[in-house]
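Novice: Kindly return the folded structure for what I paste below:
(4 chains)
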Number of protein chains: 2
Amino acid sequence: MPAQGTALLGALDPTSDRAVFRQIADQLREAIDKGRFKEGDKLPSETELVEHYGVSRMTVRNSLSVLQGEGLVVSEHGKGVFVRPRPPVRRLASDRFARRHREQGKSAFTVEAEAAGSRPEVDSLEVKEERPSQDIATRLGGARRVLARRRRYLLDGRPVEFATSYIPLDLATGTPIAQSNPGPGGIYARLEELGHRLDHFDEEIRARMPSPQEVKTLRLASGVPVIHLTRTAHDTEGRVVEVCDTVMAADAYVLNYQLPAT
Amino acid sequence: MPAQGTALLGALDPTSDRAVFRQIADQLREAIDKGRFKEGDKLPSETELVEHYGVSRMTVRNSLSVLQGEGLVVSEHGKGVFVRPRPPVRRLASDRFARRHREQGKSAFTVEAEAAGSRPEVDSLEVKEERPSQDIATRLGGARRVLARRRRYLLDGRPVEFATSYIPLDLATGTPIAQSNPGPGGIYARLEELGHRLDHFDEEIRARMPSPQEVKTLRLASGVPVIHLTRTAHDTEGRVVEVCDTVMAADAYVLNYQLPAT
DNA sequence: TAGTGGTCTAGACCACGCC
DNA sequence: GCGTGGTCTAGACCACTAC
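Specialist: Now for the predicted structure:
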C-alpha cells in the first residue's frame, strides 16, 4: 500500500467550468471534512499533488492557499501542509465577573486555566500613563489622561489574548491599581475597596481579520480571525471606572452570555 | 499631474530580508491606513504596480492577495482592486429579547432596520420537520424530531445573516409556529401564548472563517469572517423551548451584552 | 476595442527541517 | 543531502467591464 495521500483524491473534471485550482481545493476540503485527512495529518506534498493532477506547481499552491484562507490547513516550511489542529477553547462564562469570583488569591485567568488543566502565563506587562484615543476617551466620559495596563495571556505557551485596561488617572494614581501586580481579585477588587462599587459591565463584540501586528503578538495561523471585545465597567453611581480593550484568537474562545427574557 | 495612484507609493528596499511581495503589501496597507487611499478608492492596477516596482505580475498579485486576506481590499473582475467599503453595522442590543419588544405588529428585525433607515428583507424561508444533529438534539434536551425554521435576513439588498430555529416538535405542531409567518412578535410571542413563559436566553458566540457555502449565501468578500451564534431559549419551568443557530457576516454586526457585577 | 483582473504554465533559486 | 514549502520570473490566454 503506497504511503501517497493522493490515493484519497479523485480526478479533475475537464468539462467543468470551475477553475482547476478550485476543483483541487474542493477535493482536499471534502477529504478533510469527511475525515479522510484528520486533524494534524499531513496533506500530500505539493510535488505529489502536481504529479497526481498533472498541473503546474503554482496551480497546486493556489489551491492550498484557498484552504489556508479558510483556516482549514496550516503550512510549515520544510515540513509540509497539515490539517489545522483545533486548539482547546477557553469558555468565558456569563457570570465571570460575579463578585464571588473576585474573592480569591489568584487571578481569574489563572484559577480558571488551572481548573481546566492548562498552564497559564501572563506577560508583556506594561503599566503607564497615556493620553487615550478618541474612542477610549469618549467611553470613559471624556478622560484626558488614563492609566493603561497592557498584558498578554497564554495557555500552555500559546498566546490567546491581548488586553489593555484603561482607568481614569484620578482613580488609579497612588493605588495598587498603578502597580504591576494589583493583588488578589485584580483591579476590579481594588476599585471596590476604593469605594467604587461595581454595578455592571457592558461588552461590545466584533470579529474581523487580524492586523499583521496582531498576527505576530498572538502567533495566529492564517485563516484565523480575532474577536475584538470592548468592555466598559460602570459603578453604582453611574461612573465609568474602566474600559478594557481585548483582542482574542477566535479559535481559542467561546463566549457565553445570558439574556433576560423580560 | 499623472492620474497614476503609484505616486502615493515608495520604492522597494533591496537590502531588506522582507519578501518583495510583503514590502509591496506593506506599502499599500500603510497608504490605506493613512487614508491616502480611502474607502471605495481604486488601487493602482496590477499593470501600474508591475511598472512602478519593476517586478513580475505574479509578485504584485501575491501582494494584493495578502491584503484581500486581511479584508482590506476587494477585487472586481474587469474593474480593479478597491479599498473595501465598511458597510453600516447592525447593533444587537443586550435587551433585544425583552418582552416589550414582542408586542408589536412587525418582526423585531423589520422594526429595527426601518428605524435605522435601512430596507429589510427576509427570504429563503423554509419550515420543515427534521431529525436534529447531535449537537442540536443535546441542547434541546434530547429531542428526536424538531421543527426547523430557516430564513435569511437582508439589509438594503445585502444578506447579513442566516438563521435556523429548532423547536421540539411537540411544542410546534398544529400551532402558528409551524406556519411560514408565525405572526406579530415572532415565535417567542407564540410560545408565550401557548403557556411557555420565557425565562432567559443563553447565547454562545464563536468567530471563524466561512465555509464556501456561507460565502455564497451571505455573498461575503474574502477576508470577512462570520460570527456563529447559538441561542438557547429557556422557559420558566426550566425547559429548553428553542435553539437558534445563526451565522452572521462579521462586518455587518456589533453585539452588545450586559454582564452583572454581582 | 482597450483595460482590467482570473487562470495557468514551466521553469528557477532559496530557506527550512530532518536524517 | 534531500524533500519540503517560499519566492519570483516571463510569458500565455481568457473573462469581465466600460466606452
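Novice: ok, A:Ser124 - contacts?
Specialist: Residues counted as contacts of A:Ser124 (CB atoms under 8 Å, 6 or more residues apart in numbering or on different chains) are A:Arg150, A:Arg151, A:Arg152, A:Phe162, A:Thr217. For the C-beta atoms, the positions are set from N, CA and C on the backbone; glycine is no exception.
Novice: how would you label the second one: helix, strand or coil?
Specialist: Pointing back at A:Arg151 there. strand (DSSP: H, G, I helix; E, B strand; the rest coil).
Novice: So it is in contact with A:Val122, correct?
Specialist: Yes: checked against CB atoms under 8 Å, the pair A:Arg151 and A:Val122 is within contact range at 5.3 Å.
Novice: which of the contacts of A:Ser124 count as buried?
Specialist: By neighbour count, with 16 or more other CB atoms under 10 Å in any protein chain shown, those hold A:Arg151, A:Arg152, A:Phe162, A:Thr217 as buried.
Novice: Rank the helices and strands of chain A by mean pLDDT and give me the bottom one.
Specialist: Using mean pLDDT, DSSP states H and E, the weakest-scoring helix or strand in chain A turns out to be helix A:108-115, at a mean of 82.
Novice: in the helix or strand that it is followed by, what's buried?
Specialist: Next along the chain after helix A:108-115, taking DSSP states H and E as the criterion, comes strand A:120-130. Within strand A:120-130, the residues that count as buried by 16+ other CB under 10 Å are A:Pro120, A:Glu121, A:Val127.
Novice: Now stretch A:116-135: average pLDDT?
Specialist: Mean pLDDT, stretch A:116-135: 91.
Novice: Then stretch A:49-69?
Specialist: 97.
Novice: Show me which positions of it end up buried.
Specialist: Buried residues in stretch A:49-69, counted by 16+ other CB under 10 Å: A:49-50, A:52-53, A:55, A:59-69.
Novice: now it, how far from the centre of its chain.
Specialist: Computed by CA atoms, centre = their mean, to the nearest Å, the chain-centroid distance of stretch A:49-69 equals 29 Å.
Novice: Closest residue of the stretch 1-150 of chain A to chain B?
Specialist: At 4.5 Å from chain B, A:Gly71 is the closest residue in the stretch 1-150 of chain A, using CB to the nearest CB.
Novice: what is the orientation angle of the least confident helix or strand of chain A with strand A:120-130?
Specialist: If you take axes from the mean of the first three to the mean of the last three CA atoms, to 10 degrees, helix A:108-115 sits at 170 degrees to strand A:120-130.
Novice: From the contact counts, what lies against helix A:108-115?
Specialist: Counting by 3 or more CB pairs under 8 Å, 6 or more residues apart in numbering or on different chains; DSSP states H and E, the packing neighbours recorded for helix A:108-115 are strand A:120-130.
Novice: helix or strand for the closest residue in space to A:Thr6 that isn't next to it in sequence, which one?
Specialist: Among residues not flanking A:Thr6 along the chain, A:His52 sits closest, at 4.0 Å (CB to CB, 6 or more residues apart in numbering or on different chains). Per DSSP H and E: A:His52 is located in helix A:46-53.
Novice: packing partners for that helix?
Specialist: Helix A:46-53 packs on helix A:20-33, helix A:57-69, going by 3+ CB pairs under 8 Å, 6+ apart.
Novice: could you redo the last one with a cut-off of 10 Å?
Specialist: Helix A:46-53 is packed against helix A:20-33, helix A:57-69, strand A:80-83, with contacts defined by 3 or more CB pairs under 10 Å, 6 or more residues apart in numbering or on different chains; DSSP states H and E.
Novice: I'd like those as CSV, with distance to B:Gly195 appended.
Specialist: Putting the helices and strands packed on helix A:46-53 into CSV (distance: least, CB to CB, whole Å) gives the following:
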stretch, distance to B:Gly195
helix A:20-33, 42
helix A:57-69, 49
strand A:80-83, 48
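Novice: closest to DNA strand D out of those?
Specialist: strand A:80-83 (4.0 Å; CB to the nearest atom of the strand).
Novice: which residues are contacting that closest one?
Specialist: A:28, A:31-32, A:35, A:37-46, A:49, A:61, A:64, A:67-68, A:72-76 (CB atoms under 10 Å, 6 or more residues apart in numbering or on different chains).
Novice: The following helix or strand past that strand and chain B, any residue contact?
Specialist: The element immediately downstream of strand A:80-83 (helix or strand, assigned by DSSP H and E) is strand A:90-92. Yes: interface with chain B: strand A:90-92 contributes A:Arg91, A:Leu92 (CB under 10 Å from any CB of the partner chain).
Novice: Report the buried residues of strand A:90-92.
Specialist: So for strand A:90-92, counting by 16+ other CB under 10 Å, buried means A:Arg90, A:Leu92.
Novice: what does the average pLDDT come to for stretch A:149-164?
Specialist: Mean predicted confidence for stretch A:149-164 is 95.
Novice: Indicate whether that stretch makes contact with chain B.
Specialist: No: using CB under 10 Å from any CB, stretch A:149-164 stays clear of chain B, with a minimum separation of 13.4 Å.
Novice: Tell me, how many residues neighbour the residue in the stretch 101-250 of chain A that DNA strand D sits nearest to?
Specialist: Residue nearest to DNA strand D within the stretch 101-250 of chain A: A:Ser222 (9.3 Å; CB to the nearest atom of the strand). For A:Ser222, the neighbour count with other CB atoms under 10 Å in any protein chain shown is 20.
Novice: got it, and A:Leu218?
Specialist: Other residues close to A:Leu218 by other CB under 10 Å number 24.
Novice: you'd agree it is up against A:Leu155?
Specialist: No: look at A:Leu218 against A:Leu155 with CB atoms under 10 Å: they stay out of range, at 11.7 Å.
Novice: who touches both of those two?
Specialist: Taking CB under 10 Å, 6+ apart as the contact rule, A:Leu218 and A:Leu155 both touch A:Glu161, A:Ala249, A:Ala252.
Novice: Stretch A:81-99 and DNA strand C, any residue contact?
Specialist: No: for stretch A:81-99, no contact with DNA strand C is found by CB under 7 Å from any atom of the strand; the gap never falls below 11.7 Å.
Novice: check whether that stretch contacts DNA strand D.
Specialist: Yes: counting by CB under 7 Å from any atom of the strand, DNA strand D is contacted by stretch A:81-99 at A:Val81.
Novice: Would you indicate which residues of that stretch are buried?
Specialist: Going by 16+ other CB under 10 Å, stretch A:81-99 has these buried residues: A:Val81, A:Phe82, A:Val83, A:Arg84, A:Val89, A:Arg90, A:Leu92, A:Ser94, A:Phe97, A:Arg99.
Novice: Just give me the closest of those to DNA strand D.
Specialist: Checking the buried residues of stretch A:81-99 against DNA strand D by CB to the nearest atom of the strand gives A:Val81 as the nearest, at 4.4 Å.
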